[in-house]
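*Asks:* Dropping the sequence and predicted coords here.
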Amino acid sequence: MTDNFDTIGNLPTIQGDDGTESKLLADRYKIIRKLGEGGMGLVYLAEDTELSNNKVAIKFIPPQLAGNARAIKNLKKEAQTAMQLSHPNIVRLHDLHTDGHQKFLVMEYIEGKTLDDLLAEKEEGKFTLEELLPIAEQVAAGLDYAHGKKVLHRDLKPSNIMIDKNGTVKLLDFGIAREMKDSYTRVTGNETSGTLPYMSPEQLMGKNPTVAMDIYSFAAVIYECLSSHPPFYRGDIREQIRLRHVDPIRNIPQAINESLLAALSKTNSERPVVAKDLIAGLNGNAVSVEKAVVPSGPVVKENIAGIVEKKKCPSCQKEIQVDWKMCPFCRASLTTEICSNCGKEMQTDWKKCPYCLSNRKEPELSEVGPQNRNNNSECPQKDSVNKKFTKPSARVTPLSYITGKPLDSE
């Protein structure tokens, strides 16, 4: 966390028409009032005296970073990338300025509240699905647009999502906030707070940024909006993000849980490819096989009598629900068959084999069953079918289907 610092105390003043005095930044921006402050600097409302006194938001760079050449170089690179974005659901970044020892960002000013503010106003700290969907749809639109421009957010959370008085959603700090935090950690050796619960396992481990990281963070935000807390928020959060599967949210439809848990998968290839696919899941629309995703954790389903029907996973022997198609503990597929063309394992409801891309055809009865899946073991019906069967070499994932590339070649 940065130390408190005076950003405008030594600025010159100008007198307005009503006689009030205001601080003037860079001989151009008239400071009106403070909007907020956090670990990565102070934010002020200002008027641009060179552009008809248009209101803008000024975000000061912490002095620890403003005086570090490498940090500023990286920040300029992120700012130049972010300035290319122009979308109704993304806050525009106008420029990165310098005024003496001060360095600051000039951004579009949004009169509204953050998603974090709106959650705080809710009595139970959460939204209904009907309240959340219009917000989530706009977040997805902004994310997918930016990702199409090869720009990642890297720090999506409720405080970086604003809703104006007309209900328009705006995403803040594309790439900027995360770059400032990473630079601050590098320069000072201290970590910043407030982002950890929304970080994906691979982001936590310091891997290169990807679209899948933003999808995970988006799902974590939705999870919090529907449950009143992020997927992991107590105890050793880092360890839970890396190793523990997310619990389903109580009292919401199974399909919604499945979509969320898929997007919160520990494996980035099992998450939706684009944000709109997550929204489709929230709307109850099934994602096509080509973009199919699987849940990362258990979803409780009761029978008519209200009793959860369970069985043991044949792979890990843990208790699972009878109608699950994949074990949430060991990730073993529970409904599979052998491709008649390449001999590898595929899900029974897929129309094409994700390895050889051949069309699925109904197998002969003697070619089906676990007795035929051992390496080079002869079929018990060898008199009628004289062939050997090969054990699948790798688990099939939806990404393999999308790319047409076998998982064991990735």
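*Replies:* Nice, thanks for sending it over.
*Asks:* CA only for contacts and neighbour counts going forward, please
*Replies:* OK.
*Asks:* and the lengthiest helix in the chain, what other elements does it pack with?
*Replies:* What stands out as the longest helix in the chain, according to DSSP state H, is helix 129-148. If you count contacts as 3 or more CA pairs under 8 Å, 6 or more residues apart in numbering; DSSP states H and E, helix 129-148 packs onto strand 169-171, helix 211-227, helix 275-282.
*Asks:* Adding distance to Gln80, mean neighbour count and mean pLDDT, write the ones you listed out as JSON lines.
*Replies:* Listed next are those as JSON lines, based on distance: least, CA to CA, whole Å; neighbours: other CA atoms under 10 Å; pLDDT from 0 to 100:
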{"stretch": "strand 169-171", "distance to Gln80": "17", "mean neighbour count": "25", "mean pLDDT": "97"}
{"stretch": "helix 211-227", "distance to Gln80": "19", "mean neighbour count": "25", "mean pLDDT": "97"}
{"stretch": "helix 275-282", "distance to Gln80": "24", "mean neighbour count": "22", "mean pLDDT": "95"}
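*Asks:* just the helices in the stretch 151-300 of the chain please.
*Replies:* 176-188, 201-204, 211-227, 237-243, 254-263, 275-282 (DSSP state H, counting those that start in this stretch).
*Asks:* So which of the ones you listed is nearest Asn74?
*Replies:* helix 176-188 (7.4 Å; CA to CA).
*Asks:* number of nearby residues for Lys73?
*Replies:* 11 (other CA atoms under 10 Å).
*Asks:* Surely it forms part of a helix?
*Replies:* Yes: the assignment for Lys73, made by DSSP: H, G, I helix; E, B strand; the rest coil, places it in a helix.
*Asks:* Against Arg186, how distant is it?
*Replies:* From Lys73 across to Arg186, the span is 14 Å (CA to CA, to the nearest Å).
*Asks:* Show me what the longest strand seen in the chain is packed against.
*Replies:* Counting residues, the longest strand in the chain under DSSP state E turns out to be strand 29-38. Applying 3+ CA pairs under 8 Å, 6+ apart, one finds that strand 29-38 makes contact with strand 21-25, strand 41-48.
*Asks:* ok, back up a step: please spell out which residues along the longest helix of the chain are buried.
*Replies:* For helix 129-148, burial by neighbour count (16 or more other CA atoms under 10 Å) applies to 129, 133, 135-147.
*Asks:* So for stretch 341-359, mean pLDDT?
*Replies:* Stretch 341-359 comes out with an average pLDDT of 69.
*Asks:* what's the span of that stretch from first residue to last?
*Replies:* Start-to-end, stretch 341-359 (CA to CA) is 9 Å.
*Asks:* next one: stretch 11-31
*Replies:* Start-to-end, stretch 11-31 (CA to CA) is 10 Å.
*Asks:* Show me what it is in contact with.
*Replies:* The contact list for stretch 11-31, computed with CA atoms under 8 Å, 6 or more residues apart in numbering, reads 8, 32, 44-50, 98-99.
*Asks:* same deal with stretch 124-131?
*Replies:* Stretch 124-131 has contacts (CA under 8 Å, 6+ apart) with 119, 224-228.
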